[in-house]
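[1] Sequence below, structure please.
(one chain, ligands or ions: 1)
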Amino acid sequence: MKSYLAAAIQMTSVPDLHKNLAQAEELIDLAVRRGAELVGLPENFSFMGEEQDKLAQADAIARESEIFIKKMAQRYQVTLLGGSFPVPVNDTGRVYNTTILISPSGEELARYNKVHLFDVNVPDGNTYRESSTVVAGQQLPPVHFSEYLGNIGVSICYDVRFPELYRHLSDKGTDIIFIPAAFTAFTGKDHWQVLLQARAIENTAYVIAPAQTGNNYGRRLTHGHAVIIDPWGTILADAGDKPGIAIAEINPSRLEQVRRQMPSLQHRVFS
Ligand SMILES: O=C(O)CNC(=O)[C@H](CS)NC(=O)CCC(=O)C(=O)O
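    Here you go, the predicted structure:
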C-alpha cells in the first residue's frame, strides 16, 4: 500500500438522471485534477426523487449508472465507487440499492446490495419506508484487496448504525471503509459525524463518506458534510453543505501508527 489522495464527492442529486450524471462528472473531474486516485460518489447519486418516479425509471437509471461509472473510471483513470443506484430485482417490482467499486480499467472490483433499509418515522414528521421499493441485500459486504490502495470495504448509508457489519469488514482486513450516504438533515445534525467517527475509531480504519446535501426534491433535505476520517477518528476533510468534494491523504504509515498506539482490535474478548 502507498500514500495517495482519496476524494468523497458531495452532490445535490435531483429527480433528473442526466442532470445528476453531468454534476457527478464535473465533481469527479475536480477530484482528479486535485490528484485523487480513489473517488466515491454518494448514495443515489444518479437519482433522488419520489419512490414511485425512481421505480418507474429504474431500468434506465440502473443501466446508465453502471455504464457511467465504468466510463468515468476509465476516462479519469481512477478507482471509483458508484455510491449507490437502484437495480431492478426480477419479478418483484422492486430494486436493490446497490453500490459498485470499479477499477481504472473498468473492471468491477466489488458489488454490494444495501442490507439495512431505512424504515423510520423521523421526529421531524417525515416518514421513510425504503423497504416499500427496495429489496434488502442478503449478504455481508465484500472487501476488495488492493496492494496499492489498501483493503477497501463497502457499505451504504443507514448501515452505519450497525457496527457488526463493520466488525465483519474489519475481520476481513479492511483498511478503508466507504460509507456513501443520503442522510436526512434532521438525523444528520446529531448522528452523522459521531457514527462515522465511531466506525473509524473502533475499527482503526479510514472512513470515506460521500454525501448528498441540500434540497433534493419536495421536502427531502439531506445533511451534506461528506468527510474523510483517519483511523484515529480525526476529520481530515469536510465538504461543508454545498456540492463539492472532501479530499485527503490515505497514508499507510499513519494507519500502522494508530494501530500500534491503539491496539484495541488485538484486545477483543468476545470474538
Ligand atoms: O430518500 C431517498 O430519496 C433515497 N434514499 C435514501 O436516501 C436512503 C434510504 S431512504 N437514506 C437513508 O438510508 C438515510 C439514513 C439516515 O438518514 C439515518 O440513518 O439517519
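
[2] Next secondary structure after the lengthiest helix in the chain?
    Determined from DSSP state H, the single longest helix within the chain is helix 58-76. Once the chain leaves helix 58-76, the next helix or strand it forms, by DSSP states H and E, is strand 79-89.

[3] Can you show me the CA trace of the helix or strand following that following strand as CSV?
    Sequence-wise, the next helix or strand downstream of strand 79-89 (DSSP H and E) is strand 94-102. Output of strand 94-102 as CSV, limited to C-alpha atoms (Å, rounded to 0.1, in the frame of the first residue of the first chain):
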residue,chain,number,x,y,z
ARG,A,94,-38.7,-3.5,-6.5
VAL,A,95,-34.9,-2.8,-6.7
TYR,A,96,-31.7,-3.4,-4.8
ASN,A,97,-29.9,-0.3,-3.5
THR,A,98,-26.6,-1.2,-5.0
THR,A,99,-23.0,0.1,-4.8
ILE,A,100,-20.2,-1.0,-7.1
LEU,A,101,-16.4,-0.4,-7.0
ILE,A,102,-14.8,-0.1,-10.4
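
[4] So which other helices or strands are in contact with strand 94-102?
    helix 51-56, helix 58-76, strand 79-89, strand 108-113 (3 or more C-beta pairs under 8 Å, 6 or more residues apart in numbering; DSSP states H and E). Using the backbone N, CA and C atoms, a C-beta is placed for each residue, glycine as well.

[5] Which of the ones you listed sits closest to I177?
    I177 sits nearest to strand 79-89 of all these, at 11.1 Å, using C-beta to C-beta.

[6] packing partners for the closest one?
    For strand 79-89, the packing partners by 3+ C-beta pairs under 8 Å, 6+ apart are strand 36-40, helix 58-76, strand 94-102.

[7] could the ones you listed go into CSV alongside mean pLDDT?
    Listed next are those as CSV, based on pLDDT from 0 to 100:
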stretch, mean pLDDT
strand 36-40, 98
helix 58-76, 98
strand 94-102, 98
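
[8] closest one to the ligand among these?
    Minimum separation from the ligand across the helices and strands packed on strand 79-89 (C-beta to the nearest ligand atom) falls at strand 94-102, 6.9 Å.

[9] Does at least one residue of that closest one sit close to the ligand?
    No. Strand 94-102 stays clear of the ligand (C-beta under 6 Å from any ligand atom), getting no nearer than 6.9 Å.

[10] hmm, back to that, switch the helices and strands packed on strand 94-102 over to TSV; also include distance to A239.
    Shown next, in TSV, are those (distance: least, C-beta to C-beta, whole Å):
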stretch	distance to A239
helix 51-56	24
helix 58-76	19
strand 79-89	14
strand 108-113	23
